[in-house]
Structure formats: structure tokens, C-alpha cells
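[1] sequence-free structure coming up:
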């Protein structure tokens, strides 16, 4: 938690639950990645947090953008990005959305299937397209490989067919999975993509780009490699697999860029030993849960850090089940991985949940159980 | 799908994704449950679908309401319900919410823990309270017993303590789990609650009510017992375990009341054989997924029925993985339980998802991936 956020929470005492994001952290993350991997062009994955103030700050820094939908493209344009800095990075696009994006000047589209390719060829003739490869997601806390990406063999067919349909087969992409903490995942994926890249160029296709996707981790509880370590390893892999000169390299960081910039401030609604006995596990119920934005606690995949208003005055700790405020039985954040919390914790206490700047504000439900959407503060 | 919904979809061709709810089905479900179990007072579980037109229709029919939050209480009052017809049915309530509910005239609160009891005693002095027991949820597709309810022994302590704190220990509740298809679950739970009920009355407490909770199923794919069968079995259990006269009986149906009243109309964004070969499984991507409202497909727990615009003209079928439109890897509806869909299905085709009136509109995210919340039509 940055001093700016601490001060804001102390002085404003905002109603909970709310998300507070320090925009300076977003900026320093952008600069750190840019410095660690100068060859990479940063396309911020808007879906991680599409707040206008984040988009504007990144526009000013020179970032490009990875949009998941027509609505996200509109948000970027509104924040001041020019169409040449926007990639339509969802392999799933309605025909009308492709056409409208093209009309707005978007010229870079992803695909991983024949039907999508034909839709793009018909509705965005001549556009640059890149094909997403399915690669190993081992080491990622939030894998993405089951739903997206295709085989090397099919990617080859798609790129050749793209050329035949008048599109510009521009490059290849992959995604090593979100919150990927293994550097080797990038190295393997670059090796795989490079082989096909060289093969297609040898066949006369004008490929120029490799998109390394996102996945760069943010710091939750466990230690993660630094962005410098990722940068150095990726640079080395690019030198090794593209010995005759590097292609244009795209990066799509989302979680990395905004995760640590945000803190959720919440309130304890209830502390309960469900059976009434001192030996029963303590359940701590917060005013935010899986349907208030903390969707990535599904399967306890993303493990946040908690700070309570009693941390400084009470050193005693015991492991607690932590759950959300709704009447839903699946609205439990951590049950297997219990959270050590002060024994004096009780209803009305504040709890800050750290590194919640990514994938929280938009996952939030419109009003499950009547609870209004998360309030957001960008400072 | 009712003729009224079919006509609406055919004539209006509303933009997808959208939810269309036939209010007459809600009314007939209310009447059927009322007829099947005349001794039960119906408290509609608002969280299943809080649309104002549903609440107004139920107010007119004489229903009472089970509210999960202060906001839901306000919705009921706005729809014309008087405070005596509202139960604050969430075991998790902020102190401020208890006080405000009390100020609005709410006089019935649930609890399952000592801290909640003390909060209610202090902020809603003299109110009627009931204690939620943890009961077996076997047979339910969406269990609720891990997060809520307490033991018989602790419930006894809580009710006695409630009296000592000046509250009116009014009754006992349980929840057999949502989409509960086993009639025996109610019978066992009634037996358990009845034992404690008689015991507490013998100790001089003025208990008057048993709240059977919700859980009554709606028809998805598998056959379910009729509401008449549930009603008869529950009546028999009440006669058996309350031989000297029945207590006030509360029912909290949510899914049962609105599930079959609704249809989601969606569009196919992409049909893809991910590896390109005819032998690869077909993936069908829709413009609605887990974050667009179909949250209960988590773990493939709730299994909806699909109707496509090609059903009448194409008899061929093959099992498909069905997924949502977002860039999220967990946004997959059915992968283990594949859906047989026409082989000619393609991008742009319409798909209707049946029995989606419950727990869809409010689970929907505020804007994940930029997609706007689900449009709703109540007819």
C-alpha cells in the first residue's frame, strides 16, 4: 500500500467496500517494463482495469492498447489513443463489431480459427491479422490455454489462407497464462512461435511481429521474479531464436500494470465461530466477496494479502475462513488457504486487501443480493 | 419457452444478449406453490430476480419477501410491500443496515452466530429473530450449508440468549440447498428443527415459526418432483413432527418462482474446431457467458437447455463445448457436459437459453471486457 493510498484512506475514510488506485504506481510499472524490455511495444490489456484515468495516463506515456471488445476500443479512443495504437485482441468478435472497429480505423485483429478469419476478411478487408497459438500455461495461476489458441499446423494454414483472402498475415501471438511466475514459459513459447514465424516467412508471407501476450505477474503473497529478470530472459530468447534481426515485439500486460496500484478497503460484517465453540474455526465475513469484484478467488487461485486495523495493536493470530457478504454458498474467498487474522478482530473493523488494482472493478456484479457495484477512487 | 416469449422474440428481435421474463409464469408459479402448501407463507427470495415488475406482481398476489440486504428491503417497500411482509434473511448484516431496517419497520431478522445476535439486540431491540440451522444439503445442485447455519446445540444457546437480551426468539430456519431435487431433504430438516422447536418451547421460549427456506427446484434438463409432491411431503412431515398443531410456516422460494419464467436470447459469435481438423471438438462461443450472468454454470452446476434457430431445419447434432465471449479462460459454460448442437450452426445464429429467469440478471458483471450488463425485458 503506497503512502498516497494510506493517506487517502486515513483522511477520507471512504465508505466501504471501495477500490483505491494510485496512478503513479501504474506509471512506474509502465516505465519499469519499458526499461526492462525496450524492444517491446506495450499494449496495455484494458480489461485488467479500464478506468478512464488509467487509460489517459497510459496514453500520455506512449502506451498502446489491447482491447477485448468494441466498447474497450471506444474507451481508448475517448482517452486519446489513436487507432493505430489499438489491437482488437479478442479471438471472439461479432461481425458487426469487426466492421465498426474497421470503420474507426483499427487495423490489427487477432484470430485462432477459420470462421473468425473469414469474418475478418469480409468485414475488415486488407487488415493486419495475427494468429494466437496455444502454448503451455504451466506456472500460471490463472491459465488461459483451454479456451484460446490453435495448433502450429492450423496456424500455418490460417496465415496462408489469410494472405489468399487479401489480409496481411502480420504475426503470431501466444499467452503463457495470467499471473505467470515462470520465466521459462516465455522462453519456450518464443521458441515455438519463432519456428513457425521463420517457416511462414520462408514461404513468402510478410510476417513482421511476435506478440508475447500478457501474463506478467503482480506481487500478491509469494515472491515473483522481477520485471528485469523477465526482460533479460525474453531478450535473450529473442536473440537466440531470431538471430538475423528481431521482429516487432508486442507485450500485453494487464495485471502487472495495475495490480499493485490498487487496494480494496472493506469492512468486517461478522466474525463467527459457526458452532459457537472456541475450537470451531473462525469465519470472517467481509462486505466484499466473489460477486463484489474478487472473482479471481474462485478456486482460491489468486491469493491476496490482508491488512487489518488491529494489526499494530494485536499480535495474536489464528487462521480464518474468509467469505463475502452475499447469501450465496460459493461466495467464499479462502477456506482451504485460511488467512491468519488478529484474534481481536470483530464486526465493524476495517480490512485492506492489497494488490487488487487488476480484475476487480469490472468483474463486480451489477447488484447481486442488492449490493451496489464497487465504488472506485483514482488518485 | 412460453408463446408470449416466443412472440416477443420473433416480433421484436431484441439485441442480444438479453433476458426476457414472462410475468404470468411467475404468477402461476406463485399460485401453484400456494395451492400445494396452503399452510406456508411465501417469502419470495428477492435475490433470485429483483426486477420491480416481478416484485409488484408478487405484492399484488399477497406474497411476502425475503431480503438479503437493505437495498433489497428498499426495493420491496418501493414495490408496495409493507414492512411486516419483509424478512431480513441474510445472516450477515452491517450494524448500520440493521438499524436502518429497524427504522423502516422491519421486525424479522435471521442470525446464526453470537456476534450477529448481539448486533441485532443492540440495534433492533425487541425484534423477532430466528436462528438458521445447518442441515444436510445432499441432493442440491447449488449447496449452501458450508457458509451458513449453526449446530443444534449452539442454536439453543443463541435462542435463549436472544430472550435474555430482550429479543423475541421467534423461530428456526434451515436451507436444504438451492435447486434441491430430493423431497427427503425437507423431511429430515423438518424433523431436526421440530425437535429443537419443542425443546425450546418446553423451556418457556415463545417460538412460533419454522422457516423451510428455499431450494425448491426449477426445471432445467433433468426431471424434478412436482410442487404438489413437495407440498404433500412437507405437509405430511409437518403433521408428523408437530402433532399438536402446526407453527407458522415460512417458505423462501426464489429459483422456483422465476427460473422457468425467463429465457436468455443470445447470438453465436464463433463456431471453431480449435485445431482445424474435423475430428477436433467444436467450440461454440456465445455473446453471454459466466460474467454476463450465467454465473451458476460454475463447475457446470446448473445445466441449462439450449434452443437454436436451426433446430427445425437441421436434425444433425454433435456435442459442443459452449463458452462465453470474454478473454477469460474460466469463461466456459459447459466443457465436461457437452451440448448437442446442430452441425450447421455458425456465427450470427441465435441461441435461446431456457429457464434463465433466476440468478442471471444480477450476477452479471458491470462491464467485464467492456461488455455492457444484460438487457432485461419483462412482459
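    Okay, I see it. Values in this document were obtained by computation on a predicted structure and should not be read as measured data. Numbering: from 1, shown residues only, chains lettered A, B, ... in the order given.
[2] now do the buried residues in the longest helix along chain A.
    For chain A, the longest helix by residue count, based on DSSP state H, is helix A:183-202. For helix A:183-202, burial by neighbour count (16 or more other C-beta atoms under 10 Å in any protein chain shown) applies to A:183, A:185-190, A:192-194, A:196-197, A:200. Where C-beta positions appear, they are placed from N, C-alpha and C, glycine not excepted.
[3] now, among the residues you listed, which is nearest to residue B:142?
    Of all these, the one with the least separation from residue B:142 (C-beta to C-beta) is residue A:185, at 35.4 Å.
[4] so which elements touch the longest helix of chain A?
    strand A:128-133, helix A:152-164, strand A:168-174, strand A:209-211, helix A:227-241 (3 or more C-beta pairs under 8 Å, 6 or more residues apart in numbering or on different chains; DSSP states H and E).
[5] how far off helix A:183-202 does the last one point, in degrees?
    The reference is to helix A:227-241. 30 degrees (axes from the mean of the first three to the mean of the last three C-alpha atoms, to 10 degrees).
[6] likewise the first one?
    On the basis of the same axes, to 10 degrees, strand A:128-133 is oriented at 130 degrees to helix A:183-202.
[7] got the contact list for whichever helix or strand comes after strand A:128-133?
    Heading C-terminal from strand A:128-133, the first helix or strand you meet, by DSSP states H and E, is strand A:140-142. Taking C-beta atoms under 8 Å, 6 or more residues apart in numbering or on different chains as the criterion, the residues outside strand A:140-142 that touch it are A:176-182, A:185, A:215, A:217, A:296, A:301-302, B:329-330.
[8] what's the answer for stretch A:303-318, then?
    With contact meaning C-beta under 8 Å, 6+ apart, stretch A:303-318 is reached by A:1, A:220-222, A:282, A:294, A:297, A:322, A:333-334, A:337, A:339-345, A:349-356.
[9] any low-confidence regions in chain A?
    Chain A contains no residues with pLDDT under 70.
[10] break down it into its helices, ranges please.
    For chain A, the helices defined by DSSP H occupy A:3-12, A:23-36, A:52-61, A:70-78, A:95-103, A:114-123, A:152-164, A:183-202, A:227-241, A:255-258.
[11] out of the ones you listed, indicate the one that is most buried.
    For those, the largest average neighbour count (mean count of other C-beta atoms under 10 Å in any protein chain shown) is found in helix A:255-258, namely a mean of 30.
[12] which strands and helices sit next to that helix?
    The elements that helix A:255-258 packs onto, with contact taken as 3+ C-beta pairs under 8 Å, 6+ apart, are helix A:23-36, strand A:40-45.
[13] ok, back up a step: nearest to residue B:160 among the buried residues of helix A:183-202?
    residue A:185 (58.6 Å).
[14] which residues touch that closest one?
    By C-beta under 8 Å, 6+ apart, residue A:185 lies in contact with A:135, A:136, A:137, A:138, A:139, A:140, A:176, A:177, A:215.
[15] so which of the contacts of strand A:140-142 wins on neighbours?
    Looking at those with neighbours defined as other C-beta atoms under 10 Å in any protein chain shown, the largest count falls to residue A:215 at 32 neighbours.
[16] for it, what are its contacts?
    Residue A:215 sits next to A:140, A:175, A:176, A:177, A:178, A:179, A:180, A:185, A:186 when contact means C-beta under 8 Å, 6+ apart.
[17] just the buried members of the contacts of stretch A:303-318?
    Buried positions within those, assessed by neighbour count (16+ other C-beta under 10 Å), are A:1, A:220, A:282, A:294, A:297, A:322, A:333-334, A:339, A:341-342, A:345, A:349, A:351-356.
[18] need the residues of the stretch 51-200 of chain A near chain B, please.
    A:67-72, A:75, A:89-95, A:112-116, A:119, A:134, A:142-151, A:153-154, A:157-158, A:177-178 (C-beta under 8 Å from any C-beta of the partner chain).
[19] up against chain B, what does the stretch 201-350 of chain A have?
    When proximity is defined as C-beta under 8 Å from any C-beta, the stretch 201-350 of chain A approaches chain B at A:267, A:269-277, A:283, A:285, A:287, A:291, A:295, A:298, A:323, A:325-332, A:335, A:346-348.
[20] I would like a PyMOL command selecting only the buried ones among these, please.
    In PyMOL, the members of these classed as buried (16+ other C-beta under 10 Å) are selected with the following command:
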select buried, chain A and resi 267+269+270+271+272+273+274+275+276+283+285+287+291+295+298+323+325+326+327+328+329+330+331+332+347
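[21] keep only those of the residues of the stretch 201-350 of chain A next to chain B that are in strands.
    The strands in this structure, assigned by DSSP state E, contain A:267, A:269, A:270, A:271, A:272, A:273, A:283, A:285, A:323, A:332, A:335 from those.
[22] coming back round to it: just put the helices and strands packed on helix A:183-202 in a markdown table and tack on distance to residue A:248.
    Formatted as a markdown table, the entries for the helices and strands packed on helix A:183-202 read as follows, by distance: least, C-beta to C-beta, whole Å:
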| stretch | distance to residue A:248 |
| --- | --- |
| strand A:128-133 | 10 |
| helix A:152-164 | 16 |
| strand A:168-174 | 7 |
| strand A:209-211 | 4 |
| helix A:227-241 | 11 |
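[23] and those: which comes nearest residue A:249?
    Residue A:249 lies closest to strand A:209-211 among the helices and strands packed on helix A:183-202, at 5.7 Å (C-beta to C-beta).
[24] could I get the buried residue list for stretch A:132-143?
    Neighbour-count burial for stretch A:132-143 flags A:132, A:133, A:134, A:135, A:136, A:137, A:139, A:140, A:141, A:142, A:143 (criterion: 16+ other C-beta under 10 Å).
[25] contacts only, for the first one.
    Right, the one you point to is residue A:132. A:91, A:110, A:111, A:112, A:148, A:149, A:150, A:172, A:173, A:174, A:175.
[26] from those residues, which is closest to residue A:12?
    Residue A:12 has its nearest neighbour among the contacts of residue A:132 in residue A:175, at 37.8 Å by C-beta to C-beta.
[27] need the nearest residue in space to the closest one, chain neighbours excluded.
    Closest residue to residue A:175 apart from its sequence neighbours, by C-beta to C-beta, 6 or more residues apart in numbering or on different chains: residue A:213 at 3.7 Å.
[28] roughly how far apart are the one you found and residue A:180?
    9 Å (C-beta to C-beta, to the nearest Å).
[29] for residue A:237, same thing?
    Between residue A:237 and residue A:180 the distance is 14 Å, computed by C-beta to C-beta.
[30] try residue A:117
    When distance is defined by C-beta to C-beta, residue A:117 is 27 Å away from residue A:180.
[31] what residues are up against the nearest residue to residue A:186 once chain neighbours are set aside?
    Excluding the flanking residues, the one nearest residue A:186 by C-beta to C-beta, 6+ apart is residue A:234, at 5.4 Å. Neighbour list for residue A:234: A:37, A:40, A:186, A:187, A:190, A:212 [criterion: C-beta under 8 Å, 6+ apart].
[32] what's the closest of those residues to chain B?
    Distance ranking of the contacts of residue A:234 against chain B, using C-beta to the nearest C-beta, places residue A:212 first at 15.6 Å.
[33] may I ask you to confirm that that closest one is in contact with residue A:247?
    No: taking C-beta atoms under 8 Å as the contact criterion, residue A:212 and residue A:247 are not neighbours in contact, 10.8 Å apart.
[34] who has more neighbours out of the two?
    Neighbours per residue, other C-beta under 10 Å: of residue A:212 and residue A:247, the larger number sits with residue A:212, 25 against 20.
[35] what bridges to the nearest residue to the more buried one once chain neighbours are set aside?
    Nearest-residue entry for residue A:212: residue A:251, 5.5 Å, with adjacent residues in sequence omitted and distances by C-beta to C-beta, 6+ apart. Judged by DSSP bridges, the bridge partners of residue A:251 are residue A:42.
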